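Asker: Take a look and give me a structure for this.
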Amino acid sequence: MNEADTGWIETALTSARPQAVGALLRYFRDLDTAEEAFQNASLRALKNWRENGPPRDPAAWLIMVGRNVAIDEVRRNRKQQPLPEDDQAISDLDDAEGALAERLDGSHYRDDILRLMFICCHPQLPATQQIALALRIVSGLTVKQIARAFLVSEAAMEQRITRAKARVADAGTPFETPGAVERSERLAGVAAMIYLIFNEGYSASGDTAEIRKPLCEEAIRLARLLLRLFPSEPEIMGLTALILLQHARSAARFAEDGSLILLEDQNRAVWNGTMIAEGLALIDKAMRHRRSGPYQIQAAIAALHARAAAPDETDWAQIDLLYGALEIVQPSPVVTLNRAVAVAKVRGPQAALDLIEPLAPKLANYFHFYGVRGAFLMQLGRNDEARIAFDRAIALANTSAEAAHIRMHIDRLIRDSQPKNGSTRQEAKAK
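Answerer: Numbers count the residues shown, from 1 in each chain. Reported below is the predicted structural model:
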């Protein structure tokens, strides 16, 4: 079999990884041991599957071989008689594989993967370590790939992942099957971790967007995996719909020079119609459960943008109502700031400005607060105040694209203040 014909092996290993590592983690109750067992099983799979073809159940094969290899290693370390090194012993596992597959019922399968994901997003880990650990353990990305996405050195990322594993080991996470309440809590934590991964990619600026795009794609893959495990959970439907609808716009978000393109100025013809259709179907299905949560509400807002063929067809009044509902479910000054954009469209910039002014103390160091405030002030003709707001925004910009966008507004204010035909702007208005 040619190398070109074995791409399916990598695909199968990636697909089976969460289930296999999750089951091995349940057996050995140690993250490093589970990961090493899976890696050893994968090395054998690369040789065995190439020669003998795919097993009936790749995940079951990897679990069986990984467990046996790990046990063998333990015996060696204890200087006991090692198991025989015989590739043929694992080349025909049909009977054992089938029996193991029957024992991997839906409940174990779900809880193994949920436990694996939960450990990676353990509450004691900082967000950056949660994401790095999940990408390494659950997704199987190499340290080099993760470091590149985060724009740090391999050594720094290796250290970050090592520290995360150490904290997980010290935390003593229970391995028993979680009850209904704990499962719900874990599910919420895992969903938050997946959204963190997505935002790490989505928030990248124009010059790093392509490098970090794989983070968005991996978050979508993990969300779909979680949705397959919990197909009746409306919030997981909402999460998946939200990131699909947001990522569908990625091709239109930046200009060729890397500058940011606002939603209303984007070329909607290049939005990903397939992703949008999937996201819309998911949010419609989720809403039928009548158990709204923050992901569903945010997805419903994204859906209204996606359904508008042109900016002036956007249902801003409905978006205003949805943000009002989100303020109740998930109160946050950032949610109110986002709502103000819809309020400006429905009731004008003064109403929007009145809404965000009380947020100033809480958002004193938040780039978007000053950018939005400056835009409202500019719409009201209060250009001097707008300039102050924009100056503050550009000082707080997190990316070059954000800074360039604010610079565009400042340049416009400067142009508007220039004398025209020898007259001041005020004199021109008087004429």
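
Asker: CA only for contacts and neighbour counts going forward, please
Answerer: Fine.

Asker: Where does pLDDT dip in the stretch 151-300 of the chain?
Answerer: Counting by pLDDT under 70, the ranges of the stretch 151-300 of the chain that qualify are 173-178, 205-207.

Asker: those helices in it, which residues are they?
Answerer: 154-171, 180-202, 209-229, 234-247, 273-287, 294-307 (DSSP state H, counting those that start in this stretch).

Asker: Determine which stretch of those is the most buried.
Answerer: Highest mean neighbour count of the helices of the stretch 151-300 of the chain: helix 234-247, a mean of 27 (counted as mean count of other Cα atoms under 10 Å).

Asker: same for that one, what does it pack against?
Answerer: Applying 3 or more Cα pairs under 8 Å, 6 or more residues apart in numbering; DSSP states H and E, one finds that helix 234-247 makes contact with helix 180-202, helix 209-229, helix 273-287, helix 294-307.

Asker: Tell me which of those helices sits nearest to Pro18.
Answerer: Across those, Pro18 has its closest neighbour in helix 209-229 (9.2 Å, Cα to Cα).

Asker: what does the helix or strand containing Asn40 contact?
Answerer: Here Asn40 sits within helix 31-52, counting by DSSP states H and E. Outside helix 31-52, the residues within contact range by Cα atoms under 8 Å, 6 or more residues apart in numbering are 1, 6, 9, 13, 17, 20-22, 24-25, 28, 55, 62-63, 65-67, 69-70, 87, 91, 137, 165, 169.

Asker: just checking, next helix/strand downstream of that helix?
Answerer: Using DSSP H and E, the helix or strand that directly follows helix 31-52 along the chain is helix 58-77.

Asker: and the angle for that next one with helix 31-52?
Answerer: Angle of helix 58-77 versus helix 31-52, following axes from the mean of the first three to the mean of the last three Cα atoms, to 10 degrees, is 120 degrees.

Asker: and helix 58-77, how far from the chain's centre?
Answerer: How far helix 58-77 lies from its chain's middle: 32 Å, per Cα atoms, centre = their mean, to the nearest Å.

Asker: Make TSV from the helices of the stretch 151-300 of the chain and add distance to Asp384 to it.
Answerer: Formatted as TSV, those follow (distance: least, Cα to Cα, whole Å):
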stretch	distance to Asp384
helix 154-171	45
helix 180-202	33
helix 209-229	33
helix 234-247	34
helix 273-287	41
helix 294-307	32
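
Asker: Looking at those, spot the one closest to Ala340.
Answerer: With Cα to Cα as the criterion, Ala340 lies closest to helix 294-307 of the helices of the stretch 151-300 of the chain, at 13.8 Å.

Asker: by contact count, what packs against that closest one?
Answerer: Under the contact criterion of 3+ Cα pairs under 8 Å, 6+ apart, helix 294-307 touches helix 234-247, helix 273-287, helix 316-329.

Asker: Distance to Leu363 for those - can I get that in CSV?
Answerer: CSV is the format used below for these (distance: least, Cα to Cα, whole Å):
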stretch, distance to Leu363
helix 234-247, 24
helix 273-287, 31
helix 316-329, 16
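
Asker: before we move on, the earlier item: so for the helix holding Asn40, mean pLDDT?
Answerer: Throughout helix 31-52, pLDDT has a mean value of 88.

Asker: and it, which residues are buried?
Answerer: 31-42, 44-45, 48-50 (16 or more other Cα atoms under 10 Å).

Asker: returning to what we had before: would you format the helices and strands packed on helix 234-247 as CSV with distance to Gln330 included?
Answerer: Converted to CSV, the helices and strands packed on helix 234-247 look like this (distance: least, Cα to Cα, whole Å):
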stretch, distance to Gln330
helix 180-202, 13
helix 209-229, 21
helix 273-287, 17
helix 294-307, 7
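
Asker: if I look at Arg268, how far off is Gln298?
Answerer: 20 Å (Cα to Cα, to the nearest Å).

Asker: cool, Ile63 as well?
Answerer: For Ile63, the distance to Gln298 equals 38 Å [Cα to Cα].

Asker: Ok, Leu380 next?
Answerer: Separation of Leu380 from Gln298 (Cα to Cα): 29 Å.

Asker: picking that back up, of the helices and strands packed on helix 294-307, which is nearest Asp111?
Answerer: Of these, nearest to Asp111 by Cα to Cα is helix 234-247, at 15.7 Å.

Asker: Leaving out chain neighbours, which residue sits closest to Leu196?
Answerer: In space, and not counting its chain neighbours, Leu196 is closest to Ile131: 7.1 Å by Cα to Cα, 6 or more residues apart in numbering.

Asker: The one you found - how many residues pack around it?
Answerer: 23 (other Cα atoms under 10 Å).

Asker: wouldn't it be in contact with Tyr195 here?
Answerer: No: the criterion here is Cα atoms under 8 Å, and Ile131 misses it with Tyr195 at 9.8 Å.

Asker: Looking at the helices and strands packed on helix 234-247, which is nearest to Ile119?
Answerer: helix 180-202 (9.1 Å).

Asker: which secondary structure elements does that closest one contact?
Answerer: Here helix 180-202 touches helix 106-120, helix 127-137, helix 209-229, helix 234-247, going by 3+ Cα pairs under 8 Å, 6+ apart.

Asker: Save the ones you listed as JSON lines, and put in distance to Ala310 too.
Answerer: Compiled in JSON lines, the helices and strands packed on helix 180-202 are given as follows (distance: least, Cα to Cα, whole Å):
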{"stretch": "helix 106-120", "distance to Ala310": "39"}
{"stretch": "helix 127-137", "distance to Ala310": "36"}
{"stretch": "helix 209-229", "distance to Ala310": "25"}
{"stretch": "helix 234-247", "distance to Ala310": "16"}
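
Asker: Which of those sits closest to Gly179?
Answerer: helix 106-120 (10.1 Å).

Asker: average pLDDT for that closest one?
Answerer: 73.

Asker: Mind giving me the packing neighbours of it?
Answerer: Packed next to helix 106-120, using 3+ Cα pairs under 8 Å, 6+ apart, are helix 7-28, helix 127-137, helix 180-202.

Asker: can you do 10 Å?
Answerer: helix 7-28, helix 31-52, helix 127-137, helix 154-171, helix 180-202, helix 209-229 (3 or more Cα pairs under 10 Å, 6 or more residues apart in numbering; DSSP states H and E).

Asker: if we can go back for a sec, out of the helices and strands packed on helix 180-202, flag the one nearest Arg288.
Answerer: Closest approach to Arg288 among these is made by helix 234-247 (8.7 Å; Cα to Cα).

Asker: Render the CA-only coordinates of the closest one in CSV, please.
Answerer: Provided in CSV are the C-alpha atoms of helix 234-247 (Å, rounded to 0.1, in the frame of the first residue of the first chain):
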residue,chain,number,x,y,z
PRO,A,234,-30.2,22.7,23.3
GLU,A,235,-27.2,24.7,24.7
ILE,A,236,-24.8,22.5,22.9
MET,A,237,-26.8,23.0,19.7
GLY,A,238,-26.7,26.7,20.4
LEU,A,239,-22.9,26.7,20.9
THR,A,240,-22.3,24.8,17.7
ALA,A,241,-24.7,27.0,15.8
LEU,A,242,-23.0,30.1,17.2
ILE,A,243,-19.5,29.3,16.2
LEU,A,244,-20.6,28.0,12.8
LEU,A,245,-22.5,31.2,12.0
GLN,A,246,-19.6,33.3,13.2
HIS,A,247,-16.9,31.3,11.4
